[in-house]
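Student: how would this look folded up:
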Amino acid sequence: AEYDRSLIAERMRRGRQAKLRAGSLLPWTRAPYGLRLNPDRPRDPTGVSVDAAESAIVAEMFAYYLEDGQTLFGLTKHLMAIQVPTPTGQMRWNVATIRGILTNPAYTGQVYAGRTRSRPAQVRRSATHPIGQPTGSRVFTPSDEWIPVATIPAIITQEQFDRVQAKLAHNQQCASRNNKAHDYLLRALVSCGVCQLSCTGR
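Tutor: Okay, the predicted model is just below:
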């Protein structure tokens with residue numbers, strides 16, 4: 001029975017990969033923010049459409065982040081200040097959600113599969129969570145390993161997207177969390193009891 005399960009899973013994986021390469025199956029279980037799926041054919045790439053209101057927010061997010069001196073945290077505060085709901089309808093945005101939107105090439109009109117892979121957790125997410133088994137995370141794969149699936153309506157230009165990726169990479173390299181000049185005793189052990197974000201040492 002265990003062998004049959006692994007065999008069936010492998011066949012399903014190969015069938016899904018074949019459909020992705022043929023452009024007949026979307027890699028999403030839920031449409032990205034700003035896009036809509038055909039309710040009758042939710043996995044059909046030809047049924048993808050643009051939500052007018054949310055796509056305008058997405059375009060503004062890319063433009064706002066490209067302004068001089070703007071960061072992901074600044075964009076987060078801006079969206080909450082103008083009371084834009086999150087993709088789940090909440091009023092509090094987090095940096096991970098915004099980074100996921102800014103790094104999604106689907107907004108340029110091209111859908112890819114295999115952009116990320118799972119990785120076991122390496123550190124505790126927060127000192128306010130129980131130790132236990134930490135949840136895993138997803139990391140990006142090299143772009144030459146992505147599978148082009150389909151072309152959909154674009155919200156931003158490729159040039160805007162490339163500029164945002166360059167700025168994200170530069171800001172990540174210059175982030176204070178990558179400064180290892182000082183060795184703090186409580187590194188990664190102190191978190192806010194309200195928002196559960198990790199604290200930084202100064």
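
Student: who does the strand or helix carrying residue 63 touch, helix- and strand-wise?
Tutor: Assigned by DSSP states H and E, residue 63 belongs to helix 52-65. If contacts are counted by 3 or more Cβ pairs under 8 Å, 6 or more residues apart in numbering; DSSP states H and E, helix 52-65 sits against helix 72-81, helix 95-102, helix 158-173. (Each C-beta comes from the backbone N, C-alpha and C, glycine too.)

Student: apply 6 Å and report the result again.
Tutor: Contact here means 3 or more Cβ pairs under 6 Å, 6 or more residues apart in numbering; DSSP states H and E; on that basis helix 52-65 packs against no helix or strand.

Student: okay, residue 148 and residue 33: tell me how far apart.
Tutor: Distance, residue 148 to residue 33, using Cβ to Cβ, to the nearest Å: 21 Å.

Student: ditto for residue 171
Tutor: When Cβ to Cβ is applied, the distance between residue 171 and residue 33 equals 21 Å.

Student: the more surrounded of those two?
Tutor: Using other Cβ atoms under 10 Å as the criterion, residue 171 and residue 33 rank with residue 33 on top: 20 against 13.

Student: what sits against the more buried one?
Tutor: 54, 87, 101 (Cβ atoms under 6 Å, 6 or more residues apart in numbering).

Student: just how off-centre is the biggest helix by length in the chain within its chain?
Tutor: The residue-count maximum for a helix in the chain (DSSP state H) belongs to helix 2-22. Once both centres are worked out by Cα atoms, centre = their mean, to the nearest Å, helix 2-22 turns out to sit 25 Å from its chain's centre.

Student: ditto for stretch 147-160
Tutor: Distance of stretch 147-160 from the chain centroid (Cα atoms, centre = their mean) equals 16 Å.

Student: check stretch 193-202 too.
Tutor: In terms of Cα atoms, centre = their mean, the gap separating the centre of stretch 193-202 from the centre of its chain is 22 Å.

Student: buried residues in that stretch?
Tutor: Using 16 or more other Cβ atoms under 10 Å as the test for burial, stretch 193-202 gives residue 198.
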